[in-house]
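[1] Structure for this input, please:
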Amino acid sequence: WGLVRGHGQGWTSPEIVGSLTAGLVVLALFVLWELRVSNPMLPMRFFRNRAFALANVASLLMFFGMFGSIFLLSQFFQTVQGYSPLGSGLRILPWTIMPMFVAPVAGALSDKIGGARLMGIGLVLQSAGLVWIASVSTATVAYVQLIGPFVISGIGMAMFWAPVANVVLSAVRPEEEGQASGSQNAIRELGGV
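    Residues are numbered from 1 along each chain as shown. Predicted structure coming up:
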């Protein structure tokens, strides 16, 4: 709640500071509880596994960058360049549609070259696309200058998405896959906040 409302309410307002503090306290209590119970909802030992921990941190950061960028670009197209919400969404489509075409290929590649390597390549492509967008962005940037970085970012996004679940799930025992998948989804969505 505090992360979503912080900008509007003011980051130092009592309700934002209070809600963020309460969130951290509840998170700490959750971790302490999970460390003590015999059948935890989220075994904290998962995070001692390097593949599990790194895949989740990478997922958090990737979704932070992706959702933040797509949101800001849609606002840019509407408020700076004067496009409608539909026009803005259509302009971002080269980025967001790429996973539909690339993810099946990335899934097959993941089996051949390994999920961690493919995730790394995807993150590099996503980063390169974002740097390219930042380097050409001005208030009057021609849309055609953004198509290339949108496509590269979309390819990177797909190359990350395809193997991340396999990397996370292969780090735990088969009977723990539900817990691992749930934690990966929650961490990913936190990146989108």
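
[2] Which residue is the nearest non-sequential neighbour of the residue most central in space within the chain?
    Against the mean C-alpha coordinate of the chain, by Cα atoms, centre = their mean, the closest residue is Phe63 at 1.2 Å. Leaving aside its sequence neighbours, Phe63 sits nearest to Gly191 (Cβ to Cβ, 6 or more residues apart in numbering; 3.2 Å). Just so you know, the C-beta spots here come from the backbone N, C-alpha and C atoms, and that holds for glycine as well.

[3] what do you get for Gly89?
    The nearest residue in space to Gly89 (Cβ to Cβ, 6+ apart) is Ser74, at 6.7 Å.

[4] I'd like the next helix or strand past whatever helix or strand the one you found lives in.
    Taking DSSP states H and E as the criterion, Ser74 maps to helix 50-75. Note on helix 50-75: by DSSP H and E, the next helix or strand toward the C-terminus is helix 85-96.

[5] how about that next one: buried residues?
    By 16 or more other Cβ atoms under 10 Å, the buried positions in helix 85-96 come out as Ser88, Arg91, Ile92, Pro94, Trp95.

[6] Not counting that helix itself, show me its contacts.
    The contact list for helix 85-96, computed with Cβ atoms under 8 Å, 6 or more residues apart in numbering, reads 70, 73-74, 77-78, 83, 129, 143, 146-147, 150-151, 153-154, 157.

[7] taking the mean pLDDT, what do you get for it?
    Across helix 85-96, pLDDT averages out at 95.

[8] just how off-centre is that helix within its chain?
    Distance, stretch centre to chain centre, for helix 85-96: 19 Å (Cα atoms, centre = their mean, to the nearest Å).

[9] which other helices and strands contact the lowest-mean-pLDDT helix or strand in the chain?
    Between all helices and strands in the chain, the lowest mean by mean pLDDT, DSSP states H and E belongs to helix 2-9, at a mean of 85. Helix 2-9 sits against helix 14-36, with contacts defined as 3 or more Cβ pairs under 8 Å, 6 or more residues apart in numbering; DSSP states H and E.

[10] The helix it packs on vs helix 2-9, what angle?
    Counting by axes from the mean of the first three to the mean of the last three Cα atoms, to 10 degrees, helix 14-36 lies at 170 degrees to helix 2-9.

[11] Which pair of the buried residues of helix 85-96 spans the longest distance?
    Spatially, the most separated pair among the buried residues of helix 85-96 is Ser88 and Pro94, at 12.9 Å (Cβ to Cβ).
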